[in-house]
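Trainee: quick one, structure for this:
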Amino acid sequence: MNSQTMKTASFDVDAQKSFTPLCPDELPVAEGDRIGGELNFMATLASLRIGSKDAHSPQAPWVVAGHQQMLQPTGLEHADLTWVSHCVPGTAGFTLLDELPTPYDYDYFVWKGVEPDLHPYGACYHDLHGKLSTGVIEYLNSQGVQQVIVGGLALDFCVKTTALQLAAAGFRVIIHLPACRAISAEGATRAIADMQQAGITVAATREETARLAKA
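Mentor: Presented below is the predicted three-dimensional model:
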C-alpha cells in the first residue's frame with residue numbers, strides 16, 4: 001500500500017499537564033511538557049487528528065496519598081495498580097499542553113477512566129480486558145484509516161498500551177519518539193521492545209517518521 005492510498009491519523013495520547021513537571025504532586029514525567037510541538041508535527045502528516053485524556057475522580061478507590069504508596073496491586077478488576085490522584089476534571093493537571101488544540105478541535109476525542117473503578121491505560125478500551133470500546137477503533141475504520149502515528153504520555157504506560165491495541169486491531173502503527181516521554185529509562189526500553197515485537201515501527205526523528213508515514 002503506498003502513500004496515495006494509505007489514510008493516516010495522528011493520535012495524541014494523554015498529553016496532559018498532570019504528566020509533566022508543571023504538576024509535581026501528580027505524575028510528573030521528565031520533559032513531558034516539551035512534546036507539544038512534536039505532536040503538532042505528527043498532525044501535519046495525517047488527515048485526521050485523534051486525542052485522549054485521563055479523567056479521574058479524586059475519590060477513586062485506587063487513589064493513594066503519596067508517591068511511595070503507588071504501583072501496588074489493588075485487587076480491582078479494572079484498575080490494577082494504585083496511583084496518586086491525577087487528571088481530575090477542573091484542575092490544571094486535567095488540561096492539555098498549551099501548544100495543543102482544545103479537545104473540540106480534534107476529529108475524535110476520548111475521555112477515559114471517568115468511572116471511579118476504571119483505570120485503563122490504552123485509549124481504545126474503557127476496561128483492562130479489551131471488551132468495552134471507547135469507539136476510536138470503530139471511528140478510524142469508518143474513516144478508512146489504515147495507519148496511525150502515535151505520541152504522548154507516558155511512553156511506558158498509556159502510549160504503549162494504546163499502540164498495542166491499535167496494532168491488534170489491524171492498523172499500521174508508527175511511534176514518533178520525539179513526541180513521547182517515559183516514566184523511566186528502563187520502562188522506555190521495555191516499551192519499545194514490546195511494541196517492536198508486536199510489529200509497531202518506532203521512529204527516532206521527524207525525518208524518519210515522515211519517511212515511514214509515506215512508505
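
Trainee: for the most centrally placed residue in the chain, what are its contacts?
Mentor: Centroid check for the chain by C-alpha atoms, centre = their mean gives V13 as the closest residue, at 2.6 Å. V13 sits next to 51-52, 123, 150-153, 158-159, 162 when contact means C-beta atoms under 8 Å, 6 or more residues apart in numbering. Any C-beta I mention is one placed from the backbone N, CA and C, and that applies to glycine too.

Trainee: could you export those residues as TSV, including distance to T91, secondary structure and pLDDT?
Mentor: As requested, these are exported to TSV (distance: C-beta to C-beta, whole Å; DSSP: H, G, I helix; E, B strand; the rest coil; pLDDT from 0 to 100):
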residue	distance to T91	secondary structure	pLDDT
G51	18	strand	99
S52	17	strand	99
A123	20	coil	99
V150	26	strand	99
G151	23	strand	99
G152	19	strand	99
L153	16	strand	99
C158	18	helix	99
V159	22	helix	99
T162	23	helix	99
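
Trainee: contacting residues for the closest residue in space to the residue nearest to the centre of the chain that isn't next to it in sequence?
Mentor: Leaving aside its sequence neighbours, V13 sits nearest to G152 (C-beta to C-beta, 6 or more residues apart in numbering; 3.1 Å). Neighbouring residues of G152 by C-beta under 8 Å, 6+ apart: 11-15, 35, 39, 52, 158-159, 162, 179-180.

Trainee: out of these, which comes closest to V64?
Mentor: Checking the contacts of G152 against V64 with C-beta to C-beta, the nearest one is C158 at 18.9 Å.

Trainee: give me the number of residues near that closest one?
Mentor: 21 (other C-beta atoms under 10 Å).

Trainee: over to V114?
Mentor: With other C-beta under 10 Å as criterion, V114 counts 12.

Trainee: quick check: phi and psi at the residue nearest to it when sequence neighbours are not counted.
Mentor: Distances taken as C-beta to C-beta, 6+ apart place A55 nearest to V114, at 5.0 Å, with adjacent residues excluded. With angles defined as degrees, to the nearest 10, A55 sits at phi -140, psi 90.

Trainee: swap in Y108?
Mentor: Torsion angles, degrees, to the nearest 10, at Y108: phi -150, psi 140.

Trainee: specify the beta-bridge partners of it.
Mentor: I50 (DSSP bridges).

Trainee: wouldn't it be in contact with T134 here?
Mentor: No: counting by C-beta atoms under 8 Å, T134 is not a contact partner of Y108; they are 9.4 Å apart.

Trainee: may I see the buried residues of the top helix by length along the chain?
Mentor: Scanning the chain for the helix with the most residues, using DSSP state H, yields helix 185-197. Neighbour-count burial for helix 185-197 flags 188, 191-192, 195 (criterion: 16 or more other C-beta atoms under 10 Å).

Trainee: may I see these organised as a markdown table, with pLDDT and distance to S85 added?
Mentor: Shown next, in a markdown table, are these (pLDDT from 0 to 100; distance: C-beta to C-beta, whole Å):
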| residue | pLDDT | distance to S85 |
| --- | --- | --- |
| A188 | 98 | 25 |
| A191 | 98 | 24 |
| I192 | 99 | 29 |
| M195 | 99 | 29 |
